[in-house]
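> sequence unknown, structure follows:
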């Protein structure tokens, strides 16, 4: 029954996340934002909405390990599992200037998270600082987006299929998506806790695996579709934007609401998160084609990480 309810919660999170991204993207276009700006902000951040809902639900349920484990595990899965699958299906070049700038930032933000967790708590002040950093990052991203080439701008415009919907229908999609997310988040977290206790594993492990992969499904869909259409910038940019939002927006917002005190997130796991961020930064910064071989290497790294996690 826990698995069944977990599946229902996961489905609601997926549907809610998709509705939120589509509705918010259409609304942003209606309000005058360019397709590039929408792709770099609304889409990248919107696909992380399930993680935000699950994180808040987990902290209110008294299981901070699921909240922090979900973010750390999601950042690892985004780079190794999701980007790996995307590049296996549709290897492509990475030419957008914003992506190559964002890649080193992901490494820096990962290091900041390690420093924040050194004392075992993410305080409200630290959470507020993370959220403020997200606001500053978004402003700089929009400014940098204006300097992109016409080729990259056209790529993002093609990726956002069709004309924007009407204002009312866009708002309705956002509202329905939010409702599905809220309900799905509560069901999914409750099921994850029950599964952890039934299997006798820690809540941190459940957060790093089941919760992390489950809430990353919107990123997986976006990355695979973009990669198969040859939009490598969008695939990589979505992963990088999501990873930054996970730390700055999700952990930041959650800590502002209620300080986080995780106990099961090890230094080795944080090291894997940093190593995966460095790997994608190297790939994006060179501007070369991310090959199927590199995609396979990322997937192999994720398989090894999960095996190590479960064994240890």
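All right, it came through fine. All values reported here derive from a predicted model rather than from experimental measurement. Residues are numbered from 1 along each chain as shown.
> Residue 53 - how many residues pack around it?
As a burial measure, residue 53 scores 27 neighbours (other Cβ atoms under 10 Å). Just so you know, the C-beta spots here come from the backbone N, C-alpha and C atoms, and that holds for glycine as well.
> Please identify which helix or strand holds it.
If you go by DSSP states H and E, residue 53 is part of helix 49-60.
> Same question for that helix: list its buried residues.
Buried residues in helix 49-60, counted by 16 or more other Cβ atoms under 10 Å: 49, 50, 51, 52, 53, 54, 55, 56, 57, 58, 59.
> Likewise for stretch 241-258?
Using 16+ other Cβ under 10 Å as the test for burial, stretch 241-258 gives 241-256, 258.
> cool, and stretch 168-185?
Here stretch 168-185 shows 170, 171, 173, 174, 177, 178, 180, 181, 182, 183, 184, 185 as buried, counting by 16+ other Cβ under 10 Å.
> May I see these arranged in CSV, with distance to residue 307, secondary structure and pLDDT as well?
Shown next, in CSV, are the buried residues of stretch 168-185 (distance: Cβ to Cβ, whole Å; DSSP: H, G, I helix; E, B strand; the rest coil; pLDDT from 0 to 100):
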residue, distance to residue 307, secondary structure, pLDDT
170, 43, helix, 76
171, 45, helix, 77
173, 40, helix, 77
174, 39, helix, 76
177, 35, helix, 79
178, 37, helix, 75
180, 33, helix, 81
181, 31, helix, 75
182, 34, helix, 74
183, 33, helix, 82
184, 29, helix, 80
185, 28, helix, 72
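> In the strand or helix carrying residue 66, which residues are buried?
Here residue 66 sits within helix 64-77, counting by DSSP H and E. By neighbour count with 16+ other Cβ under 10 Å, helix 64-77 contains the buried residues 64-77.
> Tally up the residues packed near the nearest residue to residue 259 once chain neighbours are set aside, please.
Using Cβ to Cβ, 6 or more residues apart in numbering and skipping residues adjacent in sequence, the residue nearest residue 259 is residue 123, 5.2 Å away. Neighbours of residue 123 under the rule other Cβ under 10 Å: 15.
> now, which of the buried residues of helix 64-77 sits nearest residue 305?
residue 76 (6.5 Å; Cβ to Cβ).
> Distance of the closest one relative to residue 271?
11 Å (Cβ to Cβ, to the nearest Å).
> So for the two, which residues contact both of them?
Shared contacts of residue 76 and residue 271, defined by Cβ atoms under 8 Å, 6 or more residues apart in numbering, are absent.
> what's in contact with stretch 189-201?
Contact with stretch 189-201 is made by 2-3, 5-6, 9, 54, 57-58, 61, 63, 66, 202-203, 205-207, 210-211, as judged by Cβ under 8 Å, 6+ apart.
> Now, of the residues you listed, which are buried?
With burial judged by 16+ other Cβ under 10 Å, the buried subset of the contacts of stretch 189-201 is 2, 5-6, 9, 54, 57-58, 61, 63, 66, 202-203, 205-207, 210-211.
> coming back round to it: could you tell me the per-residue confidence at the residue nearest to residue 259?
According to the prediction, residue 123 has pLDDT 94.
> Give me the helices and strands touching the one helix or strand residue 134 maps to, please.
Element membership for residue 134 (DSSP H and E) is helix 124-145. The contact analysis (3 or more Cβ pairs under 8 Å, 6 or more residues apart in numbering; DSSP states H and E) places helix 124-145 against helix 35-37, helix 97-116, helix 232-245, helix 252-257.
> any residues touching the last one, and which ones?
The contact list for helix 252-257, computed with Cβ under 8 Å, 6+ apart, reads 52, 55-56, 59, 67, 122-124, 126-131, 133-134, 260.
> same thing but 6 Å
Contacts to helix 252-257, defined as Cβ atoms under 6 Å, 6 or more residues apart in numbering, come from residues 55, 56, 59, 67, 122, 124, 127, 128, 130, 131.
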